[in-house]
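*Asks:* curious how this folds, go ahead:
(chains A and B)
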There are 2 protein chains.
Amino acid sequence: MEIFRDLALILLCAKFMGLLAKRFGAPQVVGEIIAGLLIGPGVLNLVRPSDYITTSAEIGVVLLMFMAGLSTNLKELIKTGPMALLIACVGVFVPLIGGTLLYSCFYGFSSVGSDEFFKAVFIGVILTATSVSITVETLKELGKLEGRLGTIITGAAIIDDVIGIIVLTFVIGFKDKGSSVGGVLLRTLLFMVFCMTVGIGVYYLFKYIDKHHPHQRRIPILSLALCLGMAYIAETYFSIADITGAYVAGILLCNLQDSKYINEKMDVSSYIFFGPVFFASIGIKTQFSDFSAEVIIFSICFVLVGLLTKIIGCGLTAKAFKMSSSDALKVGIGMMTRGEVALIVSQKGLDVGLLDEKFFTAVILLILVSSISTPILLKLLFNRDEKKAHAELQSKV
Amino acid sequence: MEIFRDLALILLCAKFMGLLAKRFGAPQVVGEIIAGLLIGPGVLNLVRPSDYITTSAEIGVVLLMFMAGLSTNLKELIKTGPMALLIACVGVFVPLIGGTLLYSCFYGFSSVGSDEFFKAVFIGVILTATSVSITVETLKELGKLEGRLGTIITGAAIIDDVIGIIVLTFVIGFKDKGSSVGGVLLRTLLFMVFCMTVGIGVYYLFKYIDKHHPHQRRIPILSLALCLGMAYIAETYFSIADITGAYVAGILLCNLQDSKYINEKMDVSSYIFFGPVFFASIGIKTQFSDFSAEVIIFSICFVLVGLLTKIIGCGLTAKAFKMSSSDALKVGIGMMTRGEVALIVSQKGLDVGLLDEKFFTAVILLILVSSISTPILLKLLFNRDEKKAHAELQSKV
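*Replies:* Below you'll find the predicted structure:
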């Protein structure tokens, strides 16, 4: 089977480049994405995107989100809830406006409600959703996922996915008149009610298994089934992103005695197979074609607007909550990653005629730049602060 | 994604039925296959075979074979080598002749070399290859994989796969005149040379990593890449079954310090995801159609011949090596499973016009009956002998 060769190459190159990235002080995720770029059609053309890789990458994303939910500190999230919510809201609307203005500057301002206007707004919509998975992976590598900052960033990124998808549904709805504002709000509300009611049952079922059969194989297997099931239900019955469903599934189980045990077993499946496949697949999907001067200039501006609007929007909001400048910057940078959601939104825009194919290059460039620079910058910031704290501690002693 | 729902259902039902089977004293594998039957198109029609499930099942098989290779006791295999080889040879030729005679009894004897003759021989070819994966999984569950009996059965099943595939290539070659006897032998020889030379390099590379970075993630990840790579190379460049390549990859690493660590991590990926998907997929693929009286009678005879020829052929050979009757019976029963290789061979026969589609039902019935009865019978035999040994020990005390 051809797929064995592809997977062997992906695992080999992703691990090798990951270790190389680590040696240069960058997180392994960066190396894995670059590995995908190298072996993909863009450079060496050893591995081409296939259905199996795409689906496995999708499972990888869902697993990462599930693990993020599993290691959520619920008490911390409730404490940081209002702050995460506001950061997410500002972090959606600043890029939304930034993207709309960018398109208008390049292709002219149009009257509100016209087709060109919605095309401009759509460029903004692409910029709304933070890719939480790359940030989560980076925070995990840095050992900061469970701290206060990690919880705020993860929480805000999750909420901003939800808001981003609501905005998307609104924009498409206004163009297609297919889905109504009320319908979208109702679905989100219904999903919350569903999670509360079914969630309580699931929680007590797992608690029972947990108590009578601790540390047994059935626990991680049923958890994985729950994670995949919730991802499916969220997407199919509530039109909410599958990753949101998986994250909620993780939160449902995060208070179990065995949540650490589940996380451990999921982690093995993730780092051995699904994780490398997901991150490499981002690189593999990238194709360097359609490069006119106009597209290049637009793409560079698009990337700058994408990064700066998140840093400014989320950073200033964090600062308004009396965070230190350094921590506020970390929140802004943690929120600037874009990934699979930006790709999914772009694909949807292409399907309904709100996005031209030539803008795909810009989206992929943004994903690459943000997913390579966020881990590096976050690592630098955390290291600098730790050194500073260490120096202060020593000067006091 | 529809596949999330399918996978969630497979994991949930496979685990539930596996635990139920365990409660009734049967191995979990049996429950997992029955779970596949129940949710598949044959009964409840909840999950249909899809490309993703088929490929994941294929990876599951390769992983199982790799783990079987990894836990091989090389010294024991060399000691039991000649015995395993002879058991495998007799275990191939008795079913080959049995199958040919069965077809001839039903549809008339034909002159050697005619088309009908090769069709009769092909029914025998389907019966040649033992499915080692179900036996390995059962032996693992019983804790007997690493003992002398486990090594003999696994070794014989591996060798018999190789012989079975050589026989298949011969029969197709005689009909198609595409591949020659010499070519097949040469390829097998070249693969052995390839494994020896590349294998030494790989072994020392892993030994180096093992020494300098013990118990690190890179070891299981690179092992998985090696396993998939060897499976691909065996199939593509040497026309040898991918599972044989994976098994050889496991043997290459079985003497490492960290082989237990690798096995542990592979085991998690296998029991959490790839294992249940593989065993459930056997059930899911089964469809109950085409049931004429003739097909039913032929199928029942086919199953009986398939089971008895292996028990008699392998069991008597084991007995000839001065094994106890009870152990010889275990060898015979351990060798009677058929699985993915029988399916692959049948598919090939269909492609080249040596097998009629109506015989597929018989093949699937044989796979089901053998993969359900082998684990149950082996467990009973092992338990009986342990009780007997225990009683003898107590009477001595």
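*Asks:* which residues of the stretch 151-300 of chain A lie near chain B?
*Replies:* Neighbours of chain B within the stretch 151-300 of chain A, by CB under 8 Å from any CB of the partner chain: A:217-218, A:220-222, A:224-226, A:228-229, A:231-232, A:235-236, A:242, A:265-266, A:268-269, A:271-273, A:276. (Glycine included, C-beta is placed from N, CA and C.)
*Asks:* which one is A:Thr244 nearest to, not counting chain neighbours?
*Replies:* A:Ala234 (5.6 Å; CB to CB, 6 or more residues apart in numbering or on different chains).
*Asks:* for that neighbour, pull up the helix or strand it's in.
*Replies:* helix A:218-238 (DSSP states H and E).
*Asks:* next, the buried residues of that helix.
*Replies:* A:219-235, A:238 (16 or more other CB atoms under 10 Å in any protein chain shown).
*Asks:* averaged pLDDT, it. What do you get?
*Replies:* The pLDDT scores in helix A:218-238 average 90.
*Asks:* would you agree A:Leu350 is in contact with A:Glu357?
*Replies:* Yes. Shown here, A:Leu350 and A:Glu357 form a contact pair, counting by CB atoms under 8 Å, at 6.4 Å.
*Asks:* about what we covered before: ok, the residue nearest to A:Thr244 - contacts?
*Replies:* A:191, A:240-242, A:244-246, A:248 (CB atoms under 8 Å, 6 or more residues apart in numbering or on different chains).
*Asks:* likewise for A:Ala156?
*Replies:* Contacts of A:Ala156 by CB under 8 Å, 6+ apart are A:84-85, A:87-88, A:91, A:130, A:314, A:331, A:335.
*Asks:* between the helix or strand where A:Val193 lies and helix A:218-238, how big is the angle?
*Replies:* Element membership of A:Val193, judged by DSSP H and E, is helix A:181-212. Going by axes from the mean of the first three to the mean of the last three CA atoms, to 10 degrees, helix A:181-212 is angled at 170 degrees with respect to helix A:218-238.
*Asks:* so what does helix A:181-212 touch, helix or strand wise?
*Replies:* Counting contacts by 3 or more CB pairs under 8 Å, 6 or more residues apart in numbering or on different chains; DSSP states H and E, helix A:181-212 packs against helix A:148-176, helix A:218-238, helix A:242-253.
*Asks:* at 6 Å what do you get?
*Replies:* The contact analysis (3 or more CB pairs under 6 Å, 6 or more residues apart in numbering or on different chains; DSSP states H and E) places helix A:181-212 against helix A:242-253.
*Asks:* report pLDDT for A:Gln28.
*Replies:* A:Gln28 is given a pLDDT of 76.
*Asks:* what of the one 3 residues further on?
*Replies:* In this prediction, A:Gly31 carries a pLDDT score of 84.
*Asks:* so who does the closest residue to it other than its chain neighbours touch?
*Replies:* Leaving out its chain neighbours, the residue that sits closest to A:Gly31 by CB to CB, 6+ apart is A:Ala21, at 3.1 Å. By CB atoms under 6 Å, 6 or more residues apart in numbering or on different chains, the contact set of A:Ala21 is A:28, A:30-31.
*Asks:* and A:Ser371, by the same measure?
*Replies:* So A:Ser371 contacts A:33, A:134, A:337 (CB under 6 Å, 6+ apart).
*Asks:* go ahead and list the helix or strand containing the first one.
*Replies:* This means A:Ile33. helix A:28-39.
*Asks:* in that helix, what's buried?
*Replies:* By neighbour count on 16+ other CB under 10 Å, the buried set for helix A:28-39 is A:28-39.
*Asks:* closest to chain B out of the contacts of A:Ala21?
*Replies:* The closest of these to chain B turns out to be A:Gln28 (CB to the nearest CB; 9.4 Å).
*Asks:* circling back to that earlier point, name the residue in A:Leu350 and A:Glu357 with the higher neighbour count.
*Replies:* A:Leu350 (14 against 9; other CB atoms under 10 Å in any protein chain shown).
*Asks:* measure the more buried one to A:Val369 for me?
*Replies:* Distance of A:Leu350 to A:Val369, given as CB to CB, to the nearest Å: 21 Å.
*Asks:* pull the contacting residues for A:Phe302.
*Replies:* Shown in contact with A:Phe302 (CB under 6 Å, 6+ apart): A:Ala362.
*Asks:* check which element follows the helix or strand hosting it along the chain.
*Replies:* Applying DSSP H and E as the criterion places A:Phe302 in helix A:293-320. The first helix or strand that comes after helix A:293-320 along the chain, using DSSP H and E, is helix A:325-334.
*Asks:* which parts of the helix or strand following that next one are buried?
*Replies:* Helices and strands here follow DSSP H and E; after helix A:325-334, the next one along the chain is helix A:340-352. Neighbour counts over helix A:340-352 (16+ other CB under 10 Å) mark A:340-346, A:348-349 as buried.
*Asks:* need the pLDDT of A:Asp6.
*Replies:* Looking at A:Asp6, its pLDDT stands at 95.
*Asks:* tell me the spacing between it and chain B.
*Replies:* 9 Å (CB to the nearest CB, to the nearest Å).
*Asks:* thanks a lot, catch you later.
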